[in-house]
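[1] Sequence first, predicted coordinates after that:
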Amino acid sequence: MLIYTLDMFGTAVFAISGILLAGRLRMDPFGVVVLACVTAIGGGTIRDMALGATPVFWITDTNYLWVIFATCLLAMLAIQNPRKMPWYFLPVADAIGLAVFVAIGVEKALRFGASPMVAVIMGVITGCGGGVIRDVLAREVPMVLRTEVYATACILGGIVHTVGLHFGLETAAASLCGIATTLSIRLAAIRWHLSLPTFSLRHN
């Protein structure tokens, strides 16, 4: 129940990131809902389609859609100036949602018989896939392809999750270890502005 509640929280937070981008691009309400949806459930949809887990999760559990729609409505009514929000609120909330999404993706892939490597990849897709779709629709370079430590945190969290299961941890304990790893790395990156080195070609 705790994981499900955090999953809904992550869905709302990811939806807000899509809403804020739609607001910066001055989209109409339909555009707001589209960006919110692809950000919140896009990664999980790709995961389920890749695993053959159909119908995908938000078709069998429409609570995800209701959370997104309610978040869109409240955000469009309440958030007029995002700068008034504490700077750390969205990044920290996003980190929590990201960590939970990765754990859910890893666990679902393992339930469908995927190898640990594929499970980690599915965890990364669950956590990052929606943001990639959002940024592509907005014609921006996806954040996970830039220097920020984001996908790296997902990969390491997924590895800890699967290694924990390999060494005999209970499913809940392994999931919590993976969540804690992803969350800790992401929060450290936010706090100390950690980033990966860039790859740059010289132009003669």
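    Cool, the structure landed. Source: prediction; values computed, not measured.
[2] List the buried residues in stretch 117-124.
    118, 119, 120, 121, 122, 123, 124 (16 or more other Cβ atoms under 10 Å). For glycine as for every other residue, the C-beta is placed from the backbone atoms N, C-alpha and C.
[3] for the spatially most central residue of the chain, what are its contacts?
    Among the residues of the chain, residue 127 comes closest to the average C-alpha position under Cα atoms, centre = their mean, at 3.1 Å. Residue 127 makes contact with 43, 98, 99, 101, 102, 105, 151, 154, 182, according to Cβ atoms under 8 Å, 6 or more residues apart in numbering.
[4] Can you give the contact residues for stretch 187-204?
    So stretch 187-204 is contacted by 88, 91, 92, 95, 147, 148, 149, 150, 152, 153 (Cβ under 8 Å, 6+ apart).
[5] Might you calculate how far the helix or strand hosting the third one sits from the centre of the chain?
    Same thing as residue 92. Element membership of residue 92 [criterion: DSSP states H and E] is helix 89-111. Taking the mean of its C-alpha atoms, helix 89-111 sits 6 Å from the chain's own mean (Cα atoms, centre = their mean, to the nearest Å).
[6] I'd like to know which elements it is packed against.
    Judged by 3 or more Cβ pairs under 8 Å, 6 or more residues apart in numbering; DSSP states H and E, helix 89-111 is in contact with helix 2-24, helix 29-51, helix 116-137, helix 151-166, helix 171-192.
[7] I'd like the mean pLDDT over that helix, please.
    Helix 89-111 shows a mean pLDDT of 95.
[8] now the angle from it to helix 171-192?
    150 degrees (axes from the mean of the first three to the mean of the last three Cα atoms, to 10 degrees).
[9] still on that earlier bit, which among the buried residues of stretch 117-124 gets closest to residue 49?
    residue 122 (11.0 Å; Cβ to Cβ).
[10] contacting residues for the closest one?
    47, 50, 51, 105, 106, 108, 109, 114.
[11] Among those, which one lies nearest to residue 143?
    For the contacts of residue 122, the nearest to residue 143 is residue 105 (17.9 Å; Cβ to Cβ).
[12] Not counting sequence-adjacent ones, nearest residue to the closest one?
    residue 126 (2.9 Å; Cβ to Cβ, 6 or more residues apart in numbering).
[13] and stretch 169-185, how far from the chain's centre?
    Here stretch 169-185 is found 16 Å from its chain centre; the criterion is Cα atoms, centre = their mean.
[14] I'd like the buried residues of stretch 117-124 as JSON lines, with distance to residue 161 appended.
    Shown next, in JSON lines, are the buried residues of stretch 117-124 (distance: Cβ to Cβ, whole Å):
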{"residue": "118", "distance to residue 161": "13"}
{"residue": "119", "distance to residue 161": "8"}
{"residue": "120", "distance to residue 161": "8"}
{"residue": "121", "distance to residue 161": "12"}
{"residue": "122", "distance to residue 161": "11"}
{"residue": "123", "distance to residue 161": "7"}
{"residue": "124", "distance to residue 161": "12"}
